[in-house]
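Engineer: Kindly generate the corresponding structure for this input.
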Amino acid sequence: MRAESAIAAPWYDSRAGRSATDRAGIVGERTVVIHRYESIDSSYFDVAPVRLDTRRSLGYPTDVVWKIFEDNAAWETFTPGIAEATWTSPPPLHSGSTRRVRFSWWLGRGVVDEVFFEWRPVERFAFYMHEGTSRLIQAYGELWSFEDLGRGRTEIRLRTAFSLHGRFKNRVAGFLSPVVNVGFKRVLTSVERYLRQHHPA
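Structural biologist: Next comes the predicted model:
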């Protein structure tokens, strides 16, 4: 299922892209092709060709852990691949909120627009990539959940699911999966480090 309309973005222009779902766009001073990705729902995390699952127990209350995920400056700190993140929909955050991310990671460098299709405060949120500059991605999503373990502790769980384009997509996915999984484990470690720095006991 494809998303029906593009997220409003000042770096898009009206020139045609490479296919019916691509478009030309402006990022900084560069003209690039913006690719439309497949939209997903929560069931995708059980059926996607590539599925990763990472957990970490943190010594902080669930409301404290949740709060940092509302803050894009925090994302830029604990996620090495995010150069800049900006909410592109008005507050308050809710199911349907959108965000633009400039990244430099295993996808290369570029920009993606994300749709947060689930937003349950202090419980879970999920998003998918709607459009972006990476042509490798067919569909990509993340599902973050937070479990209150009691006594001021929280288990954070990150489920990642994606599919790729290309003739050798299965081989590429097989190569990338363990690399990406290590990267996400490091992200959760960075989340804990961020909490220690900004919310000392």
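Engineer: What about the closest residue in space to Tyr44 that isn't next to it in sequence, how many residues nearby?
Structural biologist: In this structure, Tyr44 finds its nearest non-sequential neighbour in Ala161, 5.4 Å apart by CB to CB, 6 or more residues apart in numbering. Using the backbone N, CA and C atoms, a C-beta is placed for each residue, glycine as well. Per other CB atoms under 10 Å, the neighbour tally for Ala161 reads 23.
Engineer: With Pro61 instead?
Structural biologist: 18.
Engineer: Any figure for the gap between it and Thr79?
Structural biologist: Pro61 sits at a distance of 22 Å from Thr79 (criterion: CB to CB, to the nearest Å).
Engineer: next one: Glu142
Structural biologist: Counting by CB to CB - Glu142 and Thr79 are separated by 11 Å.
Engineer: Quick one: neighbours of Phe117, just the number.
Structural biologist: Neighbour count for Phe117, taken as other CB under 10 Å: 19.
Engineer: That one touches Phe127, doesn't it?
Structural biologist: Yes: if you go by CB atoms under 8 Å, Phe117 and Phe127 touch, sitting 6.7 Å apart.
Engineer: Residue ranges in the protein under the pLDDT threshold?
Structural biologist: 1-31, 105-108, 168, 201 (pLDDT under 70).
Engineer: ok, which stretches of it are strands?
Structural biologist: Here the chain has its strands, by DSSP state E, at 12-16, 22-27, 30-36, 50-58, 82-87, 97-105, 108-120, 124-132, 137-150, 153-164.
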